[in-house]
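*Asks:* model this:
(chains A and B)
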Protein chains: 2
Amino acid sequence: MVAEMKGKSKLCLQVEKDLQWLSQFGADTRKGVTRLLYSTEWYAAQEALKEKMTENQLTAYYDDVGNLYGRLEGIEQNQKTILVGSHVDTVVYGGKYDGAFGIIAGLIAVEHLRKTYGMPKRSIEVVSLCEEEGSRFPLTYWGSGHIVGLYSYENMSQEIKDRENITLKKAMEQYQFGKGHYKKPFRQDISHFIELHIEQGEQLEKKQLDIGIVSSIAGQKRFTVTVQGESNHAGTTPMTHRKDALAASCRFITSLLDMSKKYEEKLYMTVGKLDVSPNVPNVIPGKVSFSIDIRHGEDGVLDKVEHEIKVMLREIAINAGVTTEINRWMNEKPVQMDKNLSEISKNISEEKNISYMSMVSGAGHDSQVFGPKLPTCLLFVPSKNGISHSPKEYTSAEQLEKGIQVLIELLYKLAY
Amino acid sequence: MVAEMKGKSKLCLQVEKDLQWLSQFGADTRKGVTRLLYSTEWYAAQEALKEKMTENQLTAYYDDVGNLYGRLEGIEQNQKTILVGSHVDTVVYGGKYDGAFGIIAGLIAVEHLRKTYGMPKRSIEVVSLCEEEGSRFPLTYWGSGHIVGLYSYENMSQEIKDRENITLKKAMEQYQFGKGHYKKPFRQDISHFIELHIEQGEQLEKKQLDIGIVSSIAGQKRFTVTVQGESNHAGTTPMTHRKDALAASCRFITSLLDMSKKYEEKLYMTVGKLDVSPNVPNVIPGKVSFSIDIRHGEDGVLDKVEHEIKVMLREIAINAGVTTEINRWMNEKPVQMDKNLSEISKNISEEKNISYMSMVSGAGHDSQVFGPKLPTCLLFVPSKNGISHSPKEYTSAEQLEKGIQVLIELLYKLAY
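*Replies:* Next comes the predicted model:
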C-alpha cells in the first residue's frame, strides 16, 4: 500500500515492463503465451534476450542445446560462477510469469549490482534455460539436464519426435543448435544455482507472505491400482454376493485420504484418474483402475506411505472379495535445496522486513536438477489464486519486486 | 441324483429336446441365439411354434403385433381364458432358456393336460409374446404391453427406428403385421397370466432350491448424481483447500452402500457408472458424475431410501466443499404378483415335495405388465451361476421339469 501511495518504484516499473516485453514473443490474441522449445517464438525470445544481455554489458552466448547465458565477469579468476535464472519455454497457452520471471529477475538484479557496485569478485551468469515444461517433446528439464550432464543430445535427439513427427534433432538444427557450432552445454565451473519463480500455489497468498524459501522440492510417487471384481446384474445379484470393483475402490480411496490426514499439510495425495468397466448404470462394475499421486518433501515418508497404501489395499480387497494390483510407475526422490543459501535468504528477508516462510515445492522446477549437484536456492513469490500455466497467471509488481530485492542481496553476498 | 440314476424322465427329455429345437432359430456358430423382433429368425421361430401348436391340436393364431397364441378351448363358454407363456425374442447373442423356456413349458404342460384330462372347463392359451427385451427397437414389453392396452402400434410404429434406421412400421409390415390382417392385440377376455422363467440370479442355486415363487417384481429408481468441485494442481494445492469431486463421491458412495446394509438382502443398490473430469493423474478432479440404481419389492421403501440418499448427499457435499445435483430419471413402481396364485403354487410345491422360496424379482418380466391388470403368477427355476443373456445360460432338465410339474398342477387347478 505504501508503494502504491508513493507511486511505483523504479524496480516495479522495470519488472512490469520487461515481463510485458518478453511476453510478446509467443503472444496470441487471447492473452496467452506459447513458446515451445525450438519454435520460431522461442528463438525470437532467446535472440531478444541475447540482445538485452549485450545491452546490459553482459557477455551473451548460447550453448549447443540453446541455453542462453549473459556473463558478468568476476575479478577473481579462479572462482566458479554463480548461475541465476529460469526457463524461457512455456506450456501451450501459458502465462507471462512462469519461467520468464526468473530470467527477467536475474537480468534486473545483475544490472542493478553492476551499476551500483561494479564488477563482482565472482562471475555471475544470467541463464535463460531452453526448456523445462516438456510441452513440445516428451522430455522435461532439457536445458538444466544438459548443464549438469544428465542428458546428452547427441544420443537422444534422433528418436524423439514432437506431435507433428519432427525429430528433436531436426528442430534443434533449424536454429543451428546440436551441430557443434556452440560450446558444449555440460559445465563444471558453476558454484551455485539460484532461481526465482512464481509459487504456482496459494500458500503465500493465503498467508499473506512475500517470499517462499523452498527447503525441498517434493518427491513424487505415482501408482496405478487395478481392482478386479465381478461384473453382474444389478437387479438379481444379492448385495452380499457381489464383488463390486467400484464399491471396493471407493472404500479404499476414502480410507486412503483419511489416512493422509495424519501427515497434516505435508503430504499431498491425489486420486485424479479413475476408470470403471463396463461403466453402465445397471451392471455391477467388474473392474476399476485408478491413479494415486503422492508427494512429500522427505523420501522416508513417501516410502512409509507407499507401504501403508499397500497394506490398506490388501485389507480392503480381502473384505470386498476383489483382487487388486498396484503398479508404481513414478518414483522421484525429493531434492533438498541448499540449507546455507536458505538461511542467507531468511536473514536477508528479515533485514529487509520482507515476510517469508519456508516451504516444500509440490511442483517441479529446474532447481531440482541442479539441487543434487551443487548448492541451489529456489525462491517463490506469490501467485494470485495459485494459478499457473494459464494466461490468468498474475503476481503484482510490488510482490515481484520483493523477490528481486532478496535476489539482489543474495547475489551481492555471494559474488561481491 | 435319483433322476440321473434312473435315467431321465420323459418330461425331462422332451423339454431338453424342445428347447434345443427352438434355439435353432437364430442360432449362430458360437452357440448363441439371436432373435430380434420382426427379424427373419424371429419370424421363423414364431412360424415353427405355430406349426407345433397346430400339431398339439391347439388353435394357433397371431394378433396384429405378432404375438402368437395356441388355444385349447374350454367347455364352459362364459369363462375367461388363462394365458401361459413368455417371450420369444432374445437379446443379441443370448441363450436358449430366457423367454423360450416359458413358451416351451406352456406347450408341454397344456399338451400333458389335454392328453391326460381332455378338454378343460376354462380355455387355456399358450402365448409366445413377440417382444420383451428391447434389443432391436428402443422399447420393451411390446408384446404384453399391447395385450393389456398399454401400447398402441398405430400411433408409435412410424417414429421408432432400429439401428439401421428401419422403422418399426416397416419391420412389422415385412411379416404382414400391423396392417389389420390379424385380430387386434388388446384383450379383455383373460383371467390369469402365468409365466415360468429362469431366475437370472443365483438365489435358488445358492440355497439349492427348485422353485422361486415371485411375490413381486422390484420397483426401480435410477439417479444421476453430479458432484462439482474444483480442478486444481495435485502438487501445489494444500489438502485442506481442495474441493475434490472424486474424494467426495467416493465418500458418498461408501456411506450409501453402508446405509443399504440395514435393508439386508431386500434392497439392491448399485453404482454402475462413474465418470471423472478431467481424469488425469496429477490434477484434482473438478467434476464427477455417477449413477445410482436402487431396487426393492416395496414402493414405500424405495421412497424412504431416495430421501436418505438426498440427505446424505447434502451432508457430504457441505463437508467436502463441493456442490451436488441429483436427478431421478427412472421411477418404476414394484408390481405385486397375485397372492392367491402364489399360495396355490406353494401348496403344489409342498404336495409334490418340490423345494421353493418366495422371492422378489430384481429383473423385469412380462409378468410386471400383466400384474397390475389381472392375477399374475411368475415362477422361477434356477439359473446356473445366475447367468442370463448369454450362451452360458443353463438350467438342468431335472430343474426345468420341476417347474413344469408345478405349472401343470397350477393350470389343472385353475382350468379343470
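*Asks:* which positions in stretch A:20-30 come out as buried?
*Replies:* Under the neighbour-count criterion of 16 or more other CB atoms under 10 Å in any protein chain shown, stretch A:20-30 has A:Leu22, A:Ser23, A:Phe25, A:Gly26, A:Ala27 buried. Just so you know, the C-beta spots here come from the backbone N, C-alpha and C atoms, and that holds for glycine as well.
*Asks:* how about A:Ile160, what does it touch?
*Replies:* By CB atoms under 8 Å, 6 or more residues apart in numbering or on different chains, the residues touching A:Ile160 are A:Phe137, A:Pro138, A:Leu139, A:Thr167, A:Leu168.
*Asks:* which ones among the buried residues of stretch A:20-30 map onto helices?
*Replies:* Under the assignment DSSP state H, the buried residues of stretch A:20-30 contribute A:Leu22, A:Ser23 to helices.
*Asks:* reformat the buried residues of stretch A:20-30 as JSON lines; add distance to chain B and pLDDT.
*Replies:* Below are these laid out as JSON lines (distance: CB to the nearest CB, whole Å; pLDDT from 0 to 100):
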{"residue": "A:Leu22", "distance to chain B": "23", "pLDDT": "98"}
{"residue": "A:Ser23", "distance to chain B": "22", "pLDDT": "98"}
{"residue": "A:Phe25", "distance to chain B": "26", "pLDDT": "97"}
{"residue": "A:Gly26", "distance to chain B": "22", "pLDDT": "97"}
{"residue": "A:Ala27", "distance to chain B": "24", "pLDDT": "96"}
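*Asks:* tell me how chain A divides into domains.
*Replies:* Here the domain parsing of chain A from automatic domain parsing is A:2-217+A:335-415, A:219-332.
*Asks:* can you redo the ones you listed as CSV with distance to B:Ser231?
*Replies:* Shown next, in CSV, are the domains of chain A (distance: least, CB to CB, whole Å):
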stretch, distance to B:Ser231
domain A:2-217+A:335-415, 12
domain A:219-332, 9
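*Asks:* those: which one's closest to B:Asn340?
*Replies:* Among those, the nearest to B:Asn340 by CB to CB is domain A:219-332 (25.6 Å).
*Asks:* A:Ser135 and A:Tyr93 touch, don't they?
*Replies:* No. Assessed by CB atoms under 8 Å, A:Ser135 is found out of contact with A:Tyr93, at 9.8 Å.
*Asks:* among the two, which residue is more densely surrounded?
*Replies:* Legend: neighbour count by other CB atoms under 10 Å in any protein chain shown for A:Ser135 and A:Tyr93, higher for A:Ser135 (20 against 16).
*Asks:* list the contacts of the nearest residue to the more buried one once chain neighbours are set aside.
*Replies:* Nearest in space to A:Ser135, with sequence neighbours left out and distances taken as CB to CB, 6 or more residues apart in numbering or on different chains, is A:Val91 at 4.7 Å. Neighbour list for A:Val91: A:Thr34, A:Asp98, A:Glu133, A:Ser135, A:His389 [criterion: CB under 8 Å, 6+ apart].
*Asks:* and the pLDDT for the fourth one?
*Replies:* Confidence at A:Ser135, expressed as pLDDT, is 87.
*Asks:* and for the last one?
*Replies:* A:His389 is assigned a predicted lDDT (pLDDT) of 87.
*Asks:* before we move on, back to that, just the buried ones among the contacts of A:Val91, please.
*Replies:* By 16+ other CB under 10 Å, the contacts of A:Val91 give A:Thr34, A:Asp98, A:Glu133, A:Ser135, A:His389 as buried.
*Asks:* could you measure from the last one over to A:Gly95?
*Replies:* The gap separating A:His389 from A:Gly95 is 7 Å, by CB to CB, to the nearest Å.
*Asks:* what do you get for the third one?
*Replies:* The span separating A:Glu133 from A:Gly95 equals 12 Å under the rule CB to CB.
*Asks:* again with A:Gly403
*Replies:* 16 Å.
*Asks:* now swap in A:Glu73 and tell me
*Replies:* In this structure, A:Glu73 and A:Gly95 are 34 Å apart, going by CB to CB.
*Asks:* these two - which one has more neighbours?
*Replies:* Neighbours per residue (other CB under 10 Å) separate A:Glu73 from A:Gly95, with A:Gly95 holding more: 26 against 14.
*Asks:* show me what contacts that one?
*Replies:* A:Gly95 sits in contact with A:Gly32, A:Val33, A:Ile387, A:Ser388, A:His389, A:Ser390, A:Pro391, A:Lys392, A:Glu393, A:Tyr394, where contact means CB under 8 Å, 6+ apart.
*Asks:* same thing but 10 Å
*Replies:* Neighbour list for A:Gly95: A:19, A:23, A:31-33, A:101, A:198, A:383, A:387-395 [criterion: CB atoms under 10 Å, 6 or more residues apart in numbering or on different chains].
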